[in-house]
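*Asks:* Structure of the sequence below:
(chains A and B)
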Amino acid sequence: MVEKITIKLPADLLELTGLSSKNLEEKILLIWVLDIYTEGKITLSKAANLLNMKVDKFLSEFHKRHFKHIGGPETVEEAQKEYDLVQKLTSDE
Amino acid sequence: MIILDNSVLSAFRRLKLLFNLKKLISSALISKEVFNEYSNQWQKKIPNWINVKQPRSDVILESSPVSLSIADLSLIRLALEYKIPIATDDKPLRQFAKNLGISIIGSLGLLKSLYQRKIIKTREEYLSFLESLQKDIYISDELMKWAFEES
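*Replies:* Have a look, this model is predicted:
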């Protein structure tokens, strides 16, 4: 669902960057989604969907900004448990 | 066999480690929905040991968080159907899957396994992959230390 909201921004910056209101809207959405994704609040797939982008295109936008994504195991215990599961799975195969 | 989500699939492709991952896990699944989320150029590079499957329609999820996409939910349905783990680094998907009793694996555990099995041969090479993986996920100093410990 898309809801229109009003935000205040310096108009002279709009002129400086040469962005139209439409382009600015897209740019703000991109930055916002990248930020939410970086914080680990949405998945990669969800982030790409919100921007109507393919996942590989979204990742190139993400990588070029050198952000750090919060993801994967957060503790050594969690990482070890996952590692042990890989050992179990691969020894079963 | 495991299920790969976009985060792990993309990371291992970027690291050019999909071929090596096959030596470790032999086969993997992704859903049609995940496959469709990549560009045509990318889709052509998905190796044939990664099978594209449609989850069964009778595996129904009663509710799902807004942080997940339809493709994420298709992986959950595949995991429930095949009773196998999901490899993902995405926090919301990891949490939701765990709440449903689905096992989770991350890129770090897979990468360490490749090193411990000597599929990644040298420490230097392994360190370079770990550093590169940090472009996709944050790895704390504690986890970096763990990555080099013998397990």
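*Asks:* Break chain B down into its domains, please.
*Replies:* The domain map for chain B lists B:2-107, B:111-148, with the assignment taken from automatic domain parsing.
*Asks:* Is it possible to get TSV of the ones you listed that adds mean neighbour count and distance to chain A?
*Replies:* Where you see a C-beta, it was placed from the backbone N, CA and C, and this is true even at glycine. Shown next, in TSV, are the domains of chain B (neighbours: other Cβ atoms under 10 Å in any protein chain shown; distance: least, Cβ to the nearest Cβ, whole Å):
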stretch	mean neighbour count	distance to chain A
domain B:2-107	19	4
domain B:111-148	16	4
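*Asks:* Reformat those domains as TSV; add mean pLDDT.
*Replies:* As requested, the domains of chain B are exported to TSV (pLDDT from 0 to 100):
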stretch	mean pLDDT
domain B:2-107	94
domain B:111-148	96
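*Asks:* now these as a markdown table including distance to A:Leu44?
*Replies:* Listed next are the domains of chain B as a markdown table, based on distance: least, Cβ to Cβ, whole Å:
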| stretch | distance to A:Leu44 |
| --- | --- |
| domain B:2-107 | 5 |
| domain B:111-148 | 9 |
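*Asks:* Figure out which of the ones you listed is closest to A:Val86.
*Replies:* Among those, domain B:111-148 comes nearest to A:Val86, with 4.6 Å by Cβ to Cβ.
*Asks:* centre of the chain versus that closest one, how much separation?
*Replies:* Centroid displacement of domain B:111-148 relative to its chain, using Cα atoms, centre = their mean, to the nearest Å, is 15 Å.
*Asks:* first to last residue in it, what's the distance?
*Replies:* End-to-end span of domain B:111-148 (Cα to Cα, to the nearest Å): 11 Å.
*Asks:* cool, stretch B:35-51 as well?
*Replies:* One end of stretch B:35-51 sits 10 Å from the other (Cα to Cα).
*Asks:* Same check on stretch B:51-69?
*Replies:* Start-to-end, stretch B:51-69 (Cα to Cα) is 20 Å.
*Asks:* Contacts for it, please.
*Replies:* Here stretch B:51-69 makes contact (Cβ atoms under 8 Å, 6 or more residues apart in numbering or on different chains) with A:41-43, A:45-46, A:48-49, B:27-32, B:35, B:46, B:73-74, B:76-78, B:80-81, B:92-93, B:96.
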